[in-house]
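Asks: show me the folded form of this:
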Amino acid sequence: MDYKQTIADNISSALDHKINRKDIEAKIEVPKNSKMGDLAFPTFILAKELHQAPQIIAQNLVKQINTEGFDKVVATGPYINFFLNKSKFSNDVLDLILKQQQNYGNNQRGNQRNVTIDMSSPNIAKPISMGHLRSTVIGNSIANILSKNGYHPIKDNHLGDWGTQFGKLITAYLKWGNEKDVEADPINKLVEYYVHFHKVDKEHPELDDEAREWFKKLENGNQEAINLWKWFRDVSLKSFNKTYDKLGVKFDTYNGESFYNDKMDEVIQMLKDKHLLKKSRGAEIVDLQKYNLNPALILKSDGASLYITRDLATAIYRDRTYHPAMNLYVVGSEQILYFKQLKAVLKEMGIPSADNLHHVPFGLILSNGQKLSTRSGRIILLNKVLDDSVKLAKEQIQEKNPDLPNKDNVANEVGVGAIIFGDLKNNRMDSINFVLKDQLRFEGETGPYVQYAHARAESILRKAHVSSQSIVSGSKSVSDPAAWDVLKLLNDFPRIVKMACDEFEPSDIAKYSLKLSKAFNKYYAHTKVLVKDDELVARLSLVKSISIVLKEALRLLGVKAPDQM
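Replies: Prediction:
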């Protein structure tokens with residue numbers, strides 16, 4: 001039952017629908033002190049319309065409100081306070097969760113419309129570093145959240161497999177490279193050559209000219225350049241997929257920048273046909289003054305393409321192929337202005353999905369307060385971080401529960417889950433100073449803390465020796481006051497699912513899972529769940545519902561929920 005909606009309907013009816021129901025619903029709040037009620041409506045917003053003091057409005061409305069589903073409805077100063085009927089509320093919430101199971105919180109707002117998600121997007125010939133973690137796990141979680149809201153997400157790993165950096169890499173390989181070394185340790189060797197190039201070119205800037213020439217050869221189809229490029233791409237993808245497998249992330253397409261090479265001429269022609277291209281110092285630009293933006297540089301003076309040329313081709317391809325309800329770009333916040341330019345150019349071109357293009361920015365991952373950088377050689381390899389995290393998890397399990405079945409599997413789920421959760425619990429715009437040991441704690445705001453709460457719930461259910469059918473069909477009326485905060489949080493899950501979707505914000509789900517875990521642990525500390533009395537099955541219904549919702553919340557984040565830890 002949507003109690004906020006019921007309250008809003010009640011108040012709107014009492015006012016002869018003079019005030020919009022949605023406006024009323026938006027103002028309903030949860031009192032800080034539960035002694036003041038479970039929900040409250042401030043009548044301040046009605047004073048101007050009704051020409052009465054808020055206290056008088058509250059007193060008059062209370063007399064007209066239908067109290068069905070509430071223990072009582074009282075006026076307290078300018079507030080109308082609603083006290084829910086605990087028995088009915090408990091039964092309604094738990095019954096719905098146990099019937100719907102993992103589908104609890106699902107809605108069909110998306111109507112199965114496509115949403116493309118540009119995410120992860122590492123550059124080939126470089127390892128996946130911690131710098132790629134955020135785009136990957138934020139994008140993956142958003143895809144899960146979109147699915148739960150009825151959309152059809154299409155995850156596109158837009159590989160950085162084109163551009164002048166490949167001219168640099170080819171130059172570096174031909175000068176200092178060795179085929180056997182690359183075959184033995186491809187990614188690390190290629191990064192070594194790339195870093196060495198940038199050290200040498202500080203004193204020998206002519207190397208940049210050589211690199212530009214090699215990229216031009218690559219664009220023009222030079223066979224030697226193409227063969228090297230394909231080789232670099234193949235060894236990179238094999239390495240990437242090992243990391244994605246560890247994270248449990250899959251993609252629907254790997255169309256990298258090179259995929260759009262033969263689609264850029266059409267983009268240039270479309271811009272010309274619409275008279276959008278202008279000459280500026282020999283280069284071709286699109287003037288974006290009407291959007292209060294700097295001009296978008298489309299082609300360099302030598303005719304070479306830029307990122308935006310390919311991104312225009314990409315957006316047009318996605319528009320024609322998927323007809324997306326939204327086109328999301330999960331890319332760092334330093335690109336905010338760039339995506340404003342991209343969207344503005346697409347709007348000028350009349351691309352149908354331009355209005356629904358959304359940049360989903362995020363902050364940096366820092367190491368000792370410094371930005372990670374491949375060029376400077378200051379990188380933290382994601383693969384190593386995941387392996388180290390799993391190792392630490394295994395050590396903790398060995399210490400705390402050495403007889404745990406499937407220790408290796410659980411250690412993997414806890415170790416990898418800790419890294420994902422440690423990222424997603426933060427508002428995505430915040431920068432994160434990464435410290436591995438902080439992520440693996442079983443207390444505090446961590447993934448293992450939530451996973452352990454879920455495992456504890458499952459442990460209680462196993463010890464109860466009560467069949468699932470008995471729990472589903474039995475009484476769900478929990479009278480214990482200690483359960484009240486848990487019940488209200490369980491009821492709030494569908495709202496959190498919608499909010500996380502609207503805001504493209506996985507941290508809404510992560511923070512919710514932490515609140516629910518804390519509330520459950522507090523309840524468990526004050527209540528003997530397994531006492532054989534008339535409410536045993538009702539309490540087990542509550543515990544089972546907690547397990548279901550925690551597991552689903554973790555799934556939305558891309559984190560596993562072990563039944564034993």
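
Asks: quick one: contacts for residue 307?
Replies: Contacts for residue 307 (CB atoms under 8 Å, 6 or more residues apart in numbering) come out as 163, 257, 338. No exception for glycine: its C-beta is placed from N, CA and C like everyone else's.

Asks: which secondary structure elements does the helix or strand containing residue 518 sit against?
Replies: Assessed by DSSP states H and E, residue 518 sits inside helix 507-526. Applying 3 or more CB pairs under 8 Å, 6 or more residues apart in numbering; DSSP states H and E, one finds that helix 507-526 contacts helix 407-424, helix 447-464, helix 484-503, helix 536-557.

Asks: that helix: which residues count as buried?
Replies: 507-514, 516-520, 523-524 (16 or more other CB atoms under 10 Å).

Asks: could you do stretch 264-275 as well?
Replies: 264, 267-268, 270-271.

Asks: need the helices and strands packed on helix 507-526 in JSON lines with mean pLDDT, can you?
Replies: Below are the helices and strands packed on helix 507-526 laid out as JSON lines (pLDDT from 0 to 100):
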{"stretch": "helix 407-424", "mean pLDDT": "97"}
{"stretch": "helix 447-464", "mean pLDDT": "97"}
{"stretch": "helix 484-503", "mean pLDDT": "96"}
{"stretch": "helix 536-557", "mean pLDDT": "97"}
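
Asks: mind putting those into a markdown table with distance to residue 117 and mean neighbour count?
Replies: Converted to a markdown table, the helices and strands packed on helix 507-526 look like this (distance: least, CB to CB, whole Å; neighbours: other CB atoms under 10 Å):
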| stretch | distance to residue 117 | mean neighbour count |
| --- | --- | --- |
| helix 407-424 | 15 | 23 |
| helix 447-464 | 22 | 21 |
| helix 484-503 | 13 | 20 |
| helix 536-557 | 15 | 24 |
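
Asks: contacting residues around residue 541?
Replies: Residue 541 is in contact with 94, 98, 471-472, 474-476, 478, counting by CB under 8 Å, 6+ apart.

Asks: how close does it sit to residue 492?
Replies: Using CB to CB, to the nearest Å, we find residue 541 at a distance of 18 Å from residue 492.

Asks: just residue 227 next, same as before
Replies: 57 Å.

Asks: do residue 176 as well
Replies: Residue 176 is 59 Å from residue 492, by CB to CB.

Asks: next: residue 198.
Replies: Taking CB to CB, one finds residue 198 at 51 Å from residue 492.

Asks: picking up where we left off before, what mean pLDDT does the helix holding residue 518 have?
Replies: Averaged across helix 507-526, pLDDT comes to 97.

Asks: run the angle between it and helix 484-503 for me.
Replies: Per axes from the mean of the first three to the mean of the last three CA atoms, to 10 degrees, the angle that helix 507-526 makes with helix 484-503 is 170 degrees.

Asks: what number of residues lie near residue 302?
Replies: Residues lying near residue 302 (other CB atoms under 10 Å) number 9.

Asks: what's it sitting at in phi/psi?
Replies: Residue 302 adopts backbone torsions of phi -90, psi 10, taken as degrees, to the nearest 10.

Asks: same thing with residue 39?
Replies: Dihedral angles (degrees, to the nearest 10) for residue 39: phi -140, psi 150.

Asks: redo the contacts of residue 307 as CSV? Include neighbour count, distance to residue 435 and pLDDT.
Replies: Formatted as CSV, the contacts of residue 307 follow (neighbours: other CB atoms under 10 Å; distance: CB to CB, whole Å; pLDDT from 0 to 100):
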residue, neighbour count, distance to residue 435, pLDDT
163, 18, 33, 81
257, 22, 34, 90
338, 17, 31, 98
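
Asks: among those residues, which are located in strands?
Replies: The members of those all map outside strands under DSSP state E.

Asks: okay, these in TSV with distance to residue 324 next?
Replies: Putting the contacts of residue 307 into TSV (distance: CB to CB, whole Å) gives the following:
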residue	distance to residue 324
163	25
257	19
338	20
